[in-house]
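# Build me a model:
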Amino acid sequence: MFHSSTMPRPRKRPRPEEASISRHDEAKFLDVRIFLVERKMGSSRRTFLTQLARSKGFIVEDILSDAVTHVVSEDSQASSLWMWLKGCALRNLSMMHVLDICWFTDSMREGRPVTVETRHLIQEALPEVATPTPVATVSQYACQRRTTIENNNRIFTDAFEVLAESYEFNEIDGPCLAFRRAASVLKSLPWAVHCLRATQDLPCLGEHTNAVIEEILQCGRSFEVEKILADERYQTLKLFTSVFGVGPKTAEKWYRRGMRSFSDILAEPSIHLNRMQQSGFLHYRDISRAVSKAEAWALGNIIDEAVRAITPDAILALTGGFRRGKEFGHDVDFIVSTPEVGREDSLLINIIEILENQGILLFCEHQTSTFDMSKLPSHRFEAMDHYAKCFLIVRLKGSLVEGGLQMGEEDKRDWRAVRVDLVSPPMDRYAFTLLGWTGSRQFERDLRRFARSERRMLLDNHALYDKTKKEFLAAKTEKDIFAHLGLEYIEPWQRNA
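Numbers count the residues shown, from 1 in each chain. Below is the predicted model of the structure:
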């Protein structure tokens, strides 16, 4: 079978001298909002420092709120300061710089916000900032790290993903891979990075990645990333590659021909779209929208019913991000296999025929198996394995989905189009295929790298080959593969690298 809100604090009436301060000095540093803590400082000195800072173009907030980026204090007792800050019910406290007055005086002297250094920070009383486990234990390999869907460092990893994608569009492999590895490391951390010092012993973080982290810590964003996001070429390639069947090379070709929108492409008579691309444009609104877990399970029931009608002893497994515990994905991947040797190709063809007869198959591209054990081991990894597979667009009715479809408010239809991929390996290759199709991409990349560099083995979706013993290692389950590699077993929901 298919297997507590806090009441706002009352504002004190301003003292006469506070009320007279001009709030109309021209703000020069819009990314920095300072709050001066009156505790230990005193009202008169706070008023003087506020006026001084505003005269130099700094924004100084009268009230501590989540808009503040820099909290400045003369309180030498860090524990009492942090106790007070935590009692202020701030949602964004973890992203604020809590600083000694020396940062303020340095900034006033320079006439600009100076870079936050370790000596400026007041952080002794922050137990959650301390790393709960020694960072030296973090492996360079994703297959030795447990990475759930809980990402404590999204502000950094989102930036890294943009940078990696930009390098990928420019076909610069080294920095692309470096940013993906760095993002993978930060995703695995059970704690959030609050200062650059916390990353100094982490693997896969280089000069460029650390510069981006430091800029985000100081400014709340990366200007390099913002420049990329505003770039016309990046935006256009991102748009074009979101279409089913359009890869980076095709997107680049269209961009160089002056295309900037879907309408430009569809109106150009010299552009001949293949069947996959035609379906990609036709069903774009549906298949560019996220697929929910409930929709994935509904599709699993449809495929399972078709498989049972063909052979009751077949195995059907949901893979990809949904197997890793994700609530949403961009498509739905299944492995289907049968103990009957050589039945893989016909099994997929039979499933396709059933879906066609049900009237729910909107697109199908079937690829026959080219798998040949005699051509293994392969010393060069290929992105696509050699098993029989098909790429589908399926019409999914809302009545089959628990909780309904993921549809826009403007949609009145009772169905949506969903991308579905099926792969059918021989049963003795099932464990390798399940491991490969489960992902994530970085987890699989590091698993292969670990096998090659640390164990002198070759791993792909087809087999595991021991180069020392010059033999293939059999595996009935994923746990067998991890055991061969001398690795602790990582559950699917811990592979979100």
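# and the gap between the closest residue in space to residue 95 that isn't next to it in sequence and residue 96?
With sequence-adjacent residues excluded and distances taken as Cβ to Cβ, 6 or more residues apart in numbering, residue 95 is closest to residue 220, at 7.0 Å. Every C-beta, even on glycine, is put in place using the N, C-alpha and C of the backbone. According to Cβ to Cβ, to the nearest Å, residue 220 stands 10 Å off from residue 96.
# what sits in contact with each of those two?
residue 69 (Cβ atoms under 8 Å, 6 or more residues apart in numbering).
# Give me the more crowded residue out of those two.
residue 96 (19 against 14; other Cβ atoms under 10 Å).
# List the buried residues of stretch 94-104.
Counting neighbours by 16 or more other Cβ atoms under 10 Å, one finds that the buried residues in stretch 94-104 are 95-101, 103-104.
# can you list contacts of it?
Surrounding stretch 94-104, the residues in contact under the criterion Cβ under 8 Å, 6+ apart are 34, 36, 41, 49, 53, 68-74, 81-82, 85, 90, 114, 116, 119-123, 128, 155, 192, 194, 217-218, 220.
# cool, and stretch 356-375?
Surrounding stretch 356-375, the residues in contact under the criterion Cβ under 8 Å, 6+ apart are 275-276, 279, 283, 302, 344-345, 348-349, 352, 355, 385-397, 417, 424-426, 429, 462-463.
# hang on, isn't residue 204 packed against residue 181?
Yes. Residue 204 is in contact with residue 181 according to Cβ atoms under 8 Å; the separation is 4.1 Å.
# Which residue of the two possesses the greater neighbour count?
When residue 204 is set against residue 181 and neighbours are counted by other Cβ under 10 Å, the residue ahead is residue 181, at 24 against 21.
# sorry, back to before: which of the buried residues of stretch 94-104 fall within helices?
Those of the buried residues of stretch 94-104 mapping onto helices are 101, 103-104, per DSSP state H.
# can you list these in TSV and add pLDDT and distance to residue 266?
Compiled in TSV, these are given as follows (pLDDT from 0 to 100; distance: Cβ to Cβ, whole Å):
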residue	pLDDT	distance to residue 266
101	89	61
103	89	55
104	91	57
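# could those residues go into a markdown table alongside distance to residue 327?
Output for those, formatted as a markdown table (distance: Cβ to Cβ, whole Å):
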| residue | distance to residue 327 |
| --- | --- |
| 101 | 46 |
| 103 | 41 |
| 104 | 44 |
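# Among those residues, which one lies nearest to residue 162?
Among those, residue 103 lies closest to residue 162 (Cβ to Cβ), at 29.6 Å.
# just the strands in the stretch 251-400 of the chain please.
291-292, 315-318, 328-329, 332-337, 361-367, 388-397 (DSSP state E, counting those that start in this stretch).
# before we move on, what about the stretch 1-150 of the chain?
If you assign secondary structure with DSSP E, counting those that start in this stretch, the strands in the stretch 1-150 of the chain sit at 33-36, 59-60, 70-73, 97-100.
# mind giving me the domain ranges of this protein?
Each domain of the chain is listed here as a residue range: 16-120, 135-228, 231-282, 291-428, 438-494, per automatic domain parsing.
# Show me how far the last one is from its chain's centre.
How far domain 438-494 lies from its chain's middle: 23 Å, per Cα atoms, centre = their mean, to the nearest Å.
# Quick one: residues in contact with the top helix by length along the chain.
For the chain, the longest helix by residue count, based on DSSP H, is helix 293-310. Contact with helix 293-310 is made by 1-2, 314, 316, 318, 322, 326-329, 332, 334, 336, 347, 350-351, 354-355, 360, 394, 396, 400-403, 405-406, 416, 418, 420, 422, as judged by Cβ under 8 Å, 6+ apart.
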